[in-house]
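[1] everything below, folded, please.
(chains A and B)
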Amino acid sequence: MSARNLVADKLLWEKLGRWKRSSPELDRIQFLKTVPFFDQLSNRQLKSVSDIMFERTYDIDESIFEEGQPGAALFLILDGKIAIEICRETSTTRLAVLDRGAFFGEMALLDETPRSATARALERTRTLALYRNDLNELVHRDAKTACQIYRSLAGMIGDRLRLTNELVQMKAPADKVGLG
Amino acid sequence: MSNGRDFEATERDRKGRRKVFYLTFAALALIVGAFLIWKLRGLILPIIVGALLAFLFRPVKERFKIRWLPHELQVLCSFAVIGLVLFFAYNTFRKHIPDEEQKLEFKVRLKYKLNEKYRQLVAKPPEGKSNAVLPLIEKELGPVMDKINQALELNREERNLFLKYAAGYNGKPPVQSKFVGYFRANQNTREYVIPEKAPAGGPPPTGPVAAASAQPPAATEGASLENKLSAWILAPLIFVFLGFDNGQIRRFSISLVPNRYFELSLTVLDRLDDSIGNYLRGTLTECFLVGMTLTLGLTLLGIPLGIAVAIGVVSGLLNAIPFLGTAIALVIGLGYALIAENIRPLIPGLNPNDLALYVVILS
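    The predicted structure is shown next:
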């Protein structure tokens, strides 16, 4: 077989490979690779996670979820901006502004406790949502992947706890904190 | 000022027109929907059965997921396995489905035995002892027996066919002489309730003639059966189609939900799925257990294994219909118990003459 034929074959197979996997699916997997939450996962694992995710688009000022509502899903920002806010009767406190690649609402993966803050889109935003029960089912179907996600979640919650402890220690007066 | 009023009037008109448009559109959609459902009503049941089977077998599909095998191939493999199991089950079951001769024989036996039991029930006690209950039973059961007799009456064609089978027909051995005797006895069965004289104007139609006229033409019946069977081809297709679904239908349904209700709808759908799934799978398990128990019980009562399995399967399936299913299953079991002969219960101490009673207790 000539070199020309070999190259033609290779091109054909590449084209077929590209055709087999739709581009949005590949894009999504590429995106998931960049999220720290899933950085331990292989391409195959990312594919199975991507298959159970829901894509949602929110308009400017639209709520993704509101404080006090029971949580059911973790959200990843594909593009756009989200504000995390706590609304009180007289004022609204903005806790954070998140953009592409960030995630929020991760506590909903553990239980049904009410949301502790409101998430609102600051611009037209596309998100990926991972539903708690789908992740629970993934435990039965692909235990290794689910374990790695839970491990990332545990690590993240541990980090936040450590950070909160440090903040408490920094802000509290030295005589009250000195407990060892 | 007048501009504002004009605007309000235009707005009111627009809203009115919009309302009329939406109402007309909704009414039209409703009519078209109802028309389609009516026209395609023959397809509804196969579609529901296919969807139900896919729903019931979903946990099996999930459980036997093989990572390296493509999803579609897995579904086809599991469908082939289920199909094979059903095919063998049907083949085993089909052996006990009565053929033309056995159906005629069954009708003759059932009519004879029922009349025999009825006559035993209403027989006058010896030595002229009066019994106040007997006239009551006769009054209530007499018309019922007449109706049963009319339903079990063989029409002219069936009578001729039975006589042919009695002499040996279609490569089959002759019908047992005992059953031919039953057939002859059935010919002389009288009506238990004497009908009032019909008004002048023509004689009332006789039983067999009326029955014959009520029979649909054979060709029409065959065509309708064919239509029904072709509609049932849809059931496995729907089953496979829904089996191929890997969450796409759910994803599509959720994509139609407004963002505001996204998490809520996911939770509700999940709980609904759980509850309905548990109910249906529970019912299926119950049907299976009822079928098994009945088969075992009937076998212990001495009914041949094939018949016991057939009655068990039918009763188990019918058990899915609340209340009515149990009653129909009881009637089938009782029907066989009434015509059964030469029964030897496997449990010692049971009287074969009380078989009907045991079947009632078992059901």
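[2] and residue 25, what's its pLDDT?
    If you meant another chain, say so; for now it's chain A. The confidence metric pLDDT takes the value 78 at A:Glu25.
[3] hmm, I had chain B in mind actually
    93.
[4] in what element of secondary structure is it found?
    For B:Phe25, the host element (DSSP states H and E) is helix B:2-39.
[5] the closest residue in space to B:Thr299 that isn't next to it in sequence: how many residues sit nearby?
    Among residues not flanking B:Thr299 along the chain, B:Ala308 sits closest, at 4.6 Å (Cβ to Cβ, 6 or more residues apart in numbering or on different chains). For every residue, glycine as well, the C-beta is placed using N, CA and C. Using other Cβ atoms under 10 Å in any protein chain shown, B:Ala308 has 22 other residues around it.
[6] can you check B:Thr326 too?
    Neighbour count for B:Thr326, taken as other Cβ under 10 Å: 15.
[7] likewise B:Cys77?
    Per other Cβ under 10 Å, the neighbour tally for B:Cys77 reads 13.
[8] output the one helix or strand it maps to as PDB - backbone C-alpha positions only.
    Using DSSP H and E, the element containing B:Cys77 is helix B:71-94. Output of helix B:71-94 as PDB, limited to C-alpha atoms (Å, rounded to 0.1, in the frame of the first residue of the first chain):
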ATOM      1  CA  HIS B  71     -25.200   0.200  25.000                       C
ATOM      2  CA  GLU B  72     -27.400  -0.700  21.900                       C
ATOM      3  CA  LEU B  73     -25.700  -4.100  21.700                       C
ATOM      4  CA  GLN B  74     -26.400  -4.700  25.400                       C
ATOM      5  CA  VAL B  75     -30.100  -3.800  24.900                       C
ATOM      6  CA  LEU B  76     -30.300  -6.100  21.900                       C
ATOM      7  CA  CYS B  77     -28.600  -9.000  23.800                       C
ATOM      8  CA  SER B  78     -30.900  -8.500  26.800                       C
ATOM      9  CA  PHE B  79     -33.900  -8.400  24.500                       C
ATOM     10  CA  ALA B  80     -32.800 -11.600  22.800                       C
ATOM     11  CA  VAL B  81     -32.400 -13.300  26.200                       C
ATOM     12  CA  ILE B  82     -35.800 -12.100  27.400                       C
ATOM     13  CA  GLY B  83     -37.300 -13.100  24.000                       C
ATOM     14  CA  LEU B  84     -35.800 -16.600  24.300                       C
ATOM     15  CA  VAL B  85     -37.100 -17.100  27.800                       C
ATOM     16  CA  LEU B  86     -40.600 -15.900  26.800                       C
ATOM     17  CA  PHE B  87     -40.500 -18.100  23.700                       C
ATOM     18  CA  PHE B  88     -39.700 -21.200  25.700                       C
ATOM     19  CA  ALA B  89     -42.300 -20.300  28.300                       C
ATOM     20  CA  TYR B  90     -44.900 -19.800  25.600                       C
ATOM     21  CA  ASN B  91     -43.900 -23.000  23.900                       C
ATOM     22  CA  THR B  92     -44.300 -24.900  27.100                       C
ATOM     23  CA  PHE B  93     -47.500 -23.100  27.900                       C
ATOM     24  CA  ARG B  94     -48.900 -23.600  24.300                       C
END
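[9] and whichever helix or strand comes after that helix, what's buried?
    Downstream of helix B:71-94, the first helix or strand assigned by DSSP H and E is helix B:100-122. For helix B:100-122, burial by neighbour count (16 or more other Cβ atoms under 10 Å in any protein chain shown) applies to B:101, B:104-115, B:118, B:122.
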